[in-house]
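S.K.: Pasting the sequence and the predicted coordinates here, then a few questions.
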Amino acid sequence: MTTNTLAVSRRPSRVVAIGVVGFAIALALASQVAIPIPGTPVPITLQPLVVVLAGMWLGPVAGAASMVLYLAAGAVGLPVFSPFGAPGLARFAGPTGGYLIAYPVAAFVAGALSRRASSLLGRWGAALAGSVVLLLGGLAQLAIITGGVSQAMPLAIHPFLPLDAVKALVAALLVPKSTLRAPV
């Protein structure tokens, strides 16, 4: 009886751990799909979709943990970041560093808000909020690099806002409804 109880009580944490690692791997794969945009040092990637989806699917804490795992893998030099830019820790000081640093916060926000969502529109709003966190992180970093918010806006936000809204909708459509009321 004790053995069965122990096996059952460990299963949820094992499932969460697999989800955390799985989404970190999914993010590493999504980062390899990078399309350069003329006029900005930031490429279009599938990363915003995976970041908000991790938070909405795994929950705020596990979603953020998945993003931290991804960032740690990149910081130590594993080739998980998009193919454009400096390797390892240097990536955090570059033009995409603000987006990267915002990943755990964006996953947490999308995950926390989606727990309260009872409709597709609510889930889309949660994913949009996570996407906005990403864009603001990118804007902050590029504002430091370029010398101001007005110079950074066309580089950090304008090219990405419409497509990120679509990615947020896709995330809202993909998240299983069974995860929405799950405990944090």
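M.R.: Happy to help now that I have it.
S.K.: Stretch 117-129 - what's its average pLDDT?
M.R.: Regarding stretch 117-129, the rounded mean pLDDT is 94.
S.K.: Give the buried residues for it.
M.R.: Neighbour-count burial for stretch 117-129, counted by 16 or more other Cβ atoms under 10 Å, picks out A117, R123, W124, G125, A126, A127, L128, A129. In this view, the C-beta of every residue, glycine as well, is placed from N, C-alpha and C.
S.K.: ok, so of those, who is nearest P154?
M.R.: Ranked by distance to P154 (Cβ to Cβ), those are led by L128 at 20.7 Å.
S.K.: For the closest one, give me its contacts.
M.R.: A165, A168 (Cβ atoms under 8 Å, 6 or more residues apart in numbering).
S.K.: part of a helix, is it?
M.R.: Yes: counting by DSSP: H, G, I helix; E, B strand; the rest coil, L128 is found in a helix.
S.K.: roughly how far apart are it and A54?
M.R.: 16 Å (Cβ to Cβ, to the nearest Å).
S.K.: same check, this time on P95
M.R.: 23 Å.
S.K.: what do you get for L100?
M.R.: According to Cβ to Cβ, L100 stands 14 Å off from A54.
S.K.: any weak-confidence spans in this structure?
M.R.: Residue ranges of the chain with pLDDT under 70: 1-11, 178-184.
S.K.: which residue ranges form the helices in the chain?
M.R.: 2-31, 47-58, 60-75, 97-114, 120-146, 149-156, 161-174, 177-180 (DSSP state H).
S.K.: Please state the offset of the fifth one from the chain centre?
M.R.: Centroid displacement of helix 120-146 relative to its chain, using Cα atoms, centre = their mean, to the nearest Å, is 10 Å.
S.K.: got the angle for it vs helix 161-174?
M.R.: If you take axes from the mean of the first three to the mean of the last three Cα atoms, to 10 degrees, helix 120-146 sits at 140 degrees to helix 161-174.
S.K.: returning to what we had before: ok, P95 and A54, which is more surrounded?
M.R.: The neighbour count for P95 versus A54, taken as other Cβ atoms under 10 Å, is higher for A54 (34 against 21).
S.K.: got the contact list for the more buried one?
M.R.: Residues near A54 by Cβ under 8 Å, 6+ apart: F23, A26, L27, G63, S66, M67, A107, G111.
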